[in-house]
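Trainee: Pasted the sequence and its predicted model underneath.
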Amino acid sequence: MSVEKYQSTFIQEQFANRIGGSNYGKDTNIYKFEKIKRAKAAAKKAHPDMELIDMGVGEPDEMADAGIVAKLAEEAAKPGNRGYADNGIPEFKIAAAKYLKEVFSVDGIDAETEVLHSIGSKPALAMLPAVFINPGDVTIMTVPGYPVMGTHTKYLGGEVYNIKLTKENNFLPDIDAIPEDIANRAKLLYLNYPNNPTGAAATVEFFEKVIAWAKKYNVVVVHDAPYAALTYDGVKPFSFLSVPGAKDVGVELHSLSKSYNMTGWRIGFVAGNPLIVKAFGDVKDNSDSGQFIAIQKAAAYGLGNPAITEAISAKYSRRHNLLVGALNEIGFCAEKPKGSFFLYVEAPKGIVGGQRFESAEDFSQYLIREKLISTVPWDDAGKFVRFSVTFIAKGEAEEARVIDEIKRRLTDVQFEF
């Protein structure tokens, strides 16, 4: 046996069971987003002269505000900002607490003990299970949804219990349907509103119910709120922490990625229950050395200027109006969300006299390969596709052109709903 072959075999046997053990890398299943990537490449090759309209990407289409960029440049040039940030700087924590009060009417957040920066929300979701989960403990997740906290729960020997988000329940989880034995073993409940991918918004009454349930079963609530400031048509940004009792049972995660066009900057924060924040800080201290101080200061500038987000929201609201109108003219049943840049639409059954769509993935693949319109399919709780209004378009005229082009491409066949 060659040295290379021996080393390959040796390495293959060392992988942890949590990522597949000795079978790591041998799984022939193709991840949903890899299928989309491959389909996009095939569509571009087959139709090189046709514009691919990408409505699947879940990140902003524009750069951060010029004021934020200028603040970064200013702070990056200061020698005092060059070192480790560890668990963050007071300036950012103070800005975050003030932001929660001014934008979300959250009173009583102590910047020193109840706020901690994170290098985006994703690492925070990955670390929180390490704070609470022992083997056999349960994390309750919603599907469809963002799986990171559940993935790390499994890494730690915990279990994940999924609650479906259905149209019939306004895409809110039915917590009363959680079995008693699951509730008694649960340590964490993950929620995300405005929701990815459904765009649904939570209500005060829903969060009140969640808080009462969490207190009854001693479950920690983690509310992931990266889209919370992106709301439309007079709907005020709404925070879990604004509901009485929320801080007794949980924390809320905020990110500047979506609300300030700062995805690559990797900056957000965890706020709420001081004991949870402290424990998160201990885990974080053993996981990273903090985000670059200049980025934290630029982010603090952004948090102090919420009008930046209001302008971004106005753009997404306008695009939602155009897209919802176009899809409904075609025959879809699209409803403008109250928040987020996602539009969640039930897939058609097929094409009259032609192809059938047995799943949302079937329809999404058809849209990419035949119409060069990229979306994301979700089959977890019904057949739905997610459109994102973060498509590339400079200005209102270009936005209208893109939507008109989508409408044109989708009206040369008749869909059956």
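Mentor: Structure's in. What do you need?
Trainee: Which pLDDT does the model give residue 61?
Mentor: For residue 61, the pLDDT comes out at 95.
Trainee: Looks to me like it is in a helix.
Mentor: No - using DSSP: H, G, I helix; E, B strand; the rest coil, the assignment for residue 61 is coil, not a helix.
Trainee: For it, grab the count of nearby residues.
Mentor: Applying other CB atoms under 10 Å, we find 17 residues neighbouring residue 61. To be clear about C-beta, it is placed using only N, CA and C from the backbone, and glycine gets the same treatment.
Trainee: For residue 399, see how far away it is.
Mentor: According to CB to CB, to the nearest Å, residue 61 stands 10 Å off from residue 399.
Trainee: shared neighbours of the two, anything?
Mentor: Counting by CB atoms under 8 Å, 6 or more residues apart in numbering, the residues touching both residue 61 and residue 399 are residue 393.
Trainee: List the contacts of residue 181.
Mentor: Per CB under 8 Å, 6+ apart, neighbours of residue 181: none.
Trainee: do the one 10 residues further on as well
Mentor: Contact criterion CB under 8 Å, 6+ apart gives 142, 173, 202, 210, 221-224, 240 as the residues in contact with residue 191.
Trainee: what about it, helix or strand, and which?
Mentor: Take DSSP states H and E as the rule and residue 191 turns out to sit in strand 186-192.
Trainee: quick one: strands adjacent to that strand?
Mentor: Here strand 186-192 is paired, per DSSP bridges, with strand 138-143 (parallel), strand 220-224 (parallel).
Trainee: Following element in sequence after the longest one, please.
Mentor: Moving toward the C-terminus from strand 138-143, the first helix or strand encountered (DSSP H and E) is helix 148-155.
Trainee: Could you do the shortest one as well?
Mentor: Taking DSSP H and E as the definition, the helix or strand that follows strand 220-224 towards the C-terminus is helix 246-249.
Trainee: what about dumping the CA coordinates of that next one to PDB?
Mentor: Output of helix 246-249 as PDB, limited to C-alpha atoms (Å, rounded to 0.1, in the frame of the first residue of the first chain):
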ATOM      1  CA  ALA A 246     -39.000  37.600  28.100                       C
ATOM      2  CA  LYS A 247     -35.800  38.400  29.800                       C
ATOM      3  CA  ASP A 248     -36.600  35.900  32.600                       C
ATOM      4  CA  VAL A 249     -36.500  33.000  30.100                       C
END
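Trainee: need the next SSE after it, C-terminal direction.
Mentor: Following helix 246-249 in sequence, per DSSP H and E, is strand 250-255.
Trainee: Assign a three-state SS to the nearest residue to residue 407 once chain neighbours are set aside, would you?
Mentor: Closest residue to residue 407 apart from its sequence neighbours, by CB to CB, 6 or more residues apart in numbering: residue 326 at 4.3 Å. Look at residue 326: counting by three-state DSSP, its state is helix.
Trainee: And for residue 326, the neighbour number?
Mentor: 21.
Trainee: Repeat that for residue 412.
Mentor: With other CB under 10 Å as criterion, residue 412 counts 8.
Trainee: For it, give me its contacts.
Mentor: Here residue 412 is in contact with no residues (criterion: CB under 8 Å, 6+ apart).
Trainee: Am I right that it is in a helix?
Mentor: No - the assignment for residue 412, made by three-state DSSP, is coil rather than a helix.
Trainee: Report the separation between residue 300 and residue 267.
Mentor: In this structure, residue 300 and residue 267 are 10 Å apart, going by CB to CB.
Trainee: any low-confidence regions in the chain?
Mentor: For the chain, applying pLDDT under 70 flags the ranges 1-8.
Trainee: Go ahead and flag the most central residue of it.
Mentor: In the chain, the residue lying closest to the centroid (CA atoms, centre = their mean) is residue 196, at 5.4 Å.
Trainee: Return the residues in contact with that residue.
Mentor: 58, 145-146, 226-227, 340, 342.
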